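**Q** fold the following for me, if possible:
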Amino acid sequence: MPPKKNVKKAENTAVVEPVKKTTKPKEFIKKPGSTGANLNSNPKYYLVIDCPVEGESINHTHYTIRIGAPLSLCHENNWVEIAIDNGNWTPCRMAAGYFWFDWSNYPVMEHKIVARIRDTQGNTLIKSEVRKCKSTR
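**A** So this is what the prediction gives:
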């Protein structure tokens, strides 16, 4: 059996060389399998609601929503906002490479959450797909 690629034999031992991979930063590729939708039809950017996951049941009095967004689009002139149940758009805070929204005082029912990145002119640059969850407390 011939030796595998990237493996060199040296006197009864195998030396494995690391396989070189070329990867692009996350903000330049669409996240595989994500639920992020892109309004500007540019597949290199994504915006996804990480938590809650689709269909999650929330049984606490408060919940922190986490949003993954391309940091290259989020700066002092653009910001991430969230709308719950077709309500007003509310800014999210940034920490640890994600955007967060602290949610409380929500009624027991199914909820629809959507996020967007907006510029100073009010244009939506990217919008996530709607995420559904249910509060059961």
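
**Q** name the helix or strand for the closest residue to Thr124 other than its chain neighbours, please.
**A** In space, and not counting its chain neighbours, Thr124 is closest to Arg116: 5.0 Å by Cβ to Cβ, 6 or more residues apart in numbering. Where you see a C-beta, it was placed from the backbone N, CA and C, and this is true even at glycine. Here Arg116 sits within strand 110-119, counting by DSSP states H and E.

**Q** Cys74: neighbouring residues, count only.
**A** Cys74 has 19 neighbouring residues, counting by other Cβ atoms under 10 Å.

**Q** does it touch Cys92 like I think?
**A** No - the pair Cys74 / Cys92 is not scored as a contact, 9.7 Å apart, by Cβ atoms under 8 Å.

**Q** are there residues contacting both of these two? Which ones?
**A** Any residue near both Cys74 and Cys92 by Cβ atoms under 8 Å, 6 or more residues apart in numbering counts here, and that gives 80, 99.

**Q** ok so, going back, how near is the residue nearest to Thr124 to Asn105?
**A** Using Cβ to Cβ, to the nearest Å, we find Arg116 at a distance of 23 Å from Asn105.

**Q** check Tyr63 too.
**A** Relative to Asn105, and taking Cβ to Cβ, Tyr63 is found at 11 Å.
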